[in-house]
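Take this sequence and fold it.
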Amino acid sequence: MYNLNYDDWYRQNDKLISDIEKAINGEYSAISCYAKLANMAPNQVEQKQILEIRNDEIRHFHHFVQIYTNLTGRQPKPQITENCPNTYLQGLEFAIQDEQKTVDFYLEISDEAADASMKELLRRIAADEQNHAVWFLYYFVKSK
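This is a model prediction of the structure:
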């Protein structure tokens, strides 16, 4: 006789799907916000770096969409869940805090994931997010 607990499996899978959906919305919101932030940047160097960060977020978004589609068999319906501030300095501060929270969130998902390649992908994305936070912090301190 098999002792499989399907309820636990479905509960874990539901949590993973929910977490991936939250990640999709977070990346989608960041993509929008960083376009706005790049337009407010005081110089081309900062604008270029913010657009590079935005490109990373687009790549992350596509990874999460692929994971979501593989888990559910359907396409997600991304939504902007956080409003981007209207000034450059406030936008930088918002981005720093958001990136730091995102690092922790992605590492938590990685710890809970059973699939080794998903764990590694999430850790890599978390490292990218940490790098983004450093850039935003640098520009924030420089702007004060």
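
Skipping its backbone neighbours, what lies nearest the residue most central in space within the chain in space?
In the chain, the residue lying closest to the centroid (Cα atoms, centre = their mean) is E27, at 4.3 Å. Nearest non-adjacent residue to E27, counting by Cβ to Cβ, 6 or more residues apart in numbering: F61, 4.0 Å away. All C-beta atoms are positioned from the backbone trio N, CA, C, and that covers glycine.

Check which residues of whichever helix or strand R123 is part of are buried.
Assigned by DSSP states H and E, R123 belongs to helix 116-143. Going by neighbour count (16 or more other Cβ atoms under 10 Å), the buried part of helix 116-143 is 118-119, 121-123, 125-126, 128-129, 132-133, 135-137, 139-140.

follow-up on the earlier one: would you mind measuring from the residue nearest to E27 to A127?
As for F61, its distance to A127 is 17 Å (criterion: Cβ to Cβ, to the nearest Å).

What does the pLDDT read for the residue nearest to E27?
pLDDT recorded at F61 is 99.

Now for it, how many residues are close by?
By other Cβ atoms under 10 Å, 20 other residues sit near F61.
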